[in-house]
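Enquirer: below are the sequence and a predicted model; questions follow.
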Amino acid sequence: MCKNISKFQFVFALVAVLGFTSCEKIEETVPDLRAKIDYASITATTPYKKLFVDAAGDTTVDLKSGNDRYKMYQALNYYLGAAVRENKTLDATLMKNMYSNTGNPFTDITSPKIVGSDLNSSGVQLRNLTASSKATAEAEIARVRVEALFGEMATVSKSVGVTATKGVAGKLGTYVVDAKGIETAQIIQKSLIGALQMDYICNVLLDKGLSADNKSLVAGKKYSALEHNWDEAYGLLTLNPVYLAGSTDAVRGTSETFLGSYIWEYNKASYAKFHTAFLKGRVAIVNNDMAELKTQATFIRTEIERALAAAAVGYLGKWKTGTTDAARAHAIGEGLGFIYSLRYANIHSVDAKFSDDILNSLVASSNGFWDLTNDKINPAAEAITAKFKL
């Protein structure tokens, strides 16, 4: 009896051990997609695509979606300028369609080099990326605000033949402003620098987007999801293979617009490091070096935020030094757009209330720009300077 029990116990134990062993499989290591790249191969003049190829020698970089959105932004901004450039009454519906890429709204533009049919068929848009790091309801508020600004711009453009004065919309120097002296075109342009470019690059692609898959290729593509997130960020920043190539503190070496231009203008301490930061981050993705990837992403995000904060302060200063109403109105228009954009500065923990409180302190009065004084400008500049430690 005792022997039978012992045999039973032995067999049971053996089965248990074998069963446990079979369930406890060692997790298979997924091989890297690429051969590692030496960080030392990066230079300040290395074209963005040069280092990143697969085993067959094909590029793993696809900048099209980022570049297409950049060009849509250019096309929209070019149309905004037609109010003054061509004394043209603008169409709010067309602007909304350009924003959402609806109804084939884009046409060819010689300078910048825009091929309308390419953008119309691109399958991407600006609207759905605006404030895309935010919850759905908050993001929609930001998008509706932009569309409301299109309506305001269309209304203001009707007054381009009128000389603007306090309470009267019209042309002020070479700018068109509303009845409060606000240059609506600048509010749109600078608001999208923050709500579209900075938010999507910094708070989506280079933050949440860093957790994307890097072990397999996107179906039908030559890149991983993580590789593409990083490439899309670069493509939305610049159209150039080397961002700010040949630039000095006095001269911007490449044609850049929007965010890419203001990084150079308002972050002299760091603009020259941006291209290598993007390259190092992309190499880190190839090397599965998450520590280095996060280091470069944090640098890019932090210095973009500092550039926009410095731009906001800089344009408040230009209001003070402006010698004509036109110069001051143009400066405050840019400044207000940048101040709005600061709500997307997540690294510096800025929220909508911070931006709105400053905006209200500046132009919430009935006459807006026409009521500005140093006593309004100085506290606004001081608050931003303190928040961003400029």
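Expert: Perfect, thanks for sending it.

Enquirer: pull the contacting residues for the nearest residue to Leu206 once chain neighbours are set aside.
Expert: Leaving aside its chain neighbours, Leu206 sits nearest to Ala297 (4.2 Å; criterion: CB to CB, 6 or more residues apart in numbering). Yep, even glycine has a C-beta here, placed from its N, CA and C like the rest. Contacts for Ala297 (CB atoms under 8 Å, 6 or more residues apart in numbering) come out as Leu206, Asp207, Leu210, Gly281.

Enquirer: hmm, try it at 10 Å
Expert: The contact partners of Ala297, taken as CB atoms under 10 Å, 6 or more residues apart in numbering, are 201-202, 205-207, 209-210, 230, 233, 277-278, 281, 284.

Enquirer: per-residue pLDDT, Lys50?
Expert: The per-residue pLDDT reported for Lys50 equals 97.

Enquirer: was I right about Ser111 contacting Tyr78?
Expert: Yes - using CB atoms under 10 Å, Ser111 makes contact with Tyr78 at a distance of 8.8 Å.

Enquirer: could you pull out the strands for this structure?
Expert: With DSSP state E as the criterion, the chain has strands at 170-172, 175-177.

Enquirer: which of Ser111 and Tyr78 has more neighbours?
Expert: Tyr78 (15 against 7; other CB atoms under 10 Å).

Enquirer: neighbours of Leu80, just the number please.
Expert: 23.

Enquirer: do the same with Arg69
Expert: 23.

Enquirer: quick one, what contacts it?
Expert: 101, 119, 122, 124-126, 129, 196-197, 200, 232, 235-236.

Enquirer: likewise for Arg143?
Expert: Tyr99, Ser100, Leu126, Arg127, Asn128, Leu129, Thr130, Ala131, Ser132, Ala195, Leu196.

Enquirer: now do the contacts for the closest residue to Gln296 other than its chain neighbours.
Expert: Closest residue in space to Gln296, ignoring its immediate chain neighbours: Gly281 at 3.7 Å, by CB to CB, 6+ apart. Gly281 is in contact with 206, 210, 230, 233-234, 289, 292-297, 299-300, counting by CB under 10 Å, 6+ apart.

Enquirer: off-centre distance for the longest helix along the chain?
Expert: Using DSSP state H to define each element, the chain has its longest helix at helix 290-321. Offset of helix 290-321 from its chain centre (CA atoms, centre = their mean, to the nearest Å): 12 Å.

Enquirer: okay, Tyr234 and Ser100: tell me how far apart.
Expert: Separation of Tyr234 from Ser100 (CB to CB, to the nearest Å): 24 Å.

Enquirer: neighbour count for the two, which is higher?
Expert: Here Tyr234 and Ser100 are compared on neighbour count by other CB under 10 Å; more neighbours surround Tyr234, at 26 against 15.

Enquirer: isn't that one right up against Glu227?
Expert: No - using CB under 10 Å as the test, Tyr234 is too far from Glu227 to be in contact (11.0 Å).

Enquirer: overlap in contacts, those two.
Expert: If you check Tyr234 and Glu227 against CB under 10 Å, 6+ apart, the residues they both contact are Val61, Arg282.

Enquirer: any chance of the contacts of Arg69 in TSV with distance to Ser247 as columns?
Expert: Formatted as TSV, the contacts of Arg69 follow (distance: CB to CB, whole Å):
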residue	distance to Ser247
Asn101	32
Leu119	28
Ser122	29
Val124	29
Gln125	31
Leu126	27
Leu129	27
Leu196	24
Gln197	19
Tyr200	24
Glu232	23
Gly235	19
Leu236	19
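
Enquirer: mind giving me TSV with these and columns for pLDDT and neighbour count?
Expert: Output for the contacts of Arg69, formatted as TSV (pLDDT from 0 to 100; neighbours: other CB atoms under 10 Å):
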residue	pLDDT	neighbour count
Asn101	98	22
Leu119	98	23
Ser122	98	17
Val124	98	16
Gln125	98	18
Leu126	98	22
Leu129	98	22
Leu196	98	29
Gln197	98	27
Tyr200	98	25
Glu232	98	24
Gly235	98	22
Leu236	98	26
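
Enquirer: identify, from those residues, the entry nearest to Ser159.
Expert: Nearest to Ser159 among these is Leu126, at 26.5 Å by CB to CB.

Enquirer: was I right about that closest one contacting Asn97?
Expert: No - contact status for Leu126 versus Asn97: not in contact, 11.0 Å apart, counting by CB under 10 Å.
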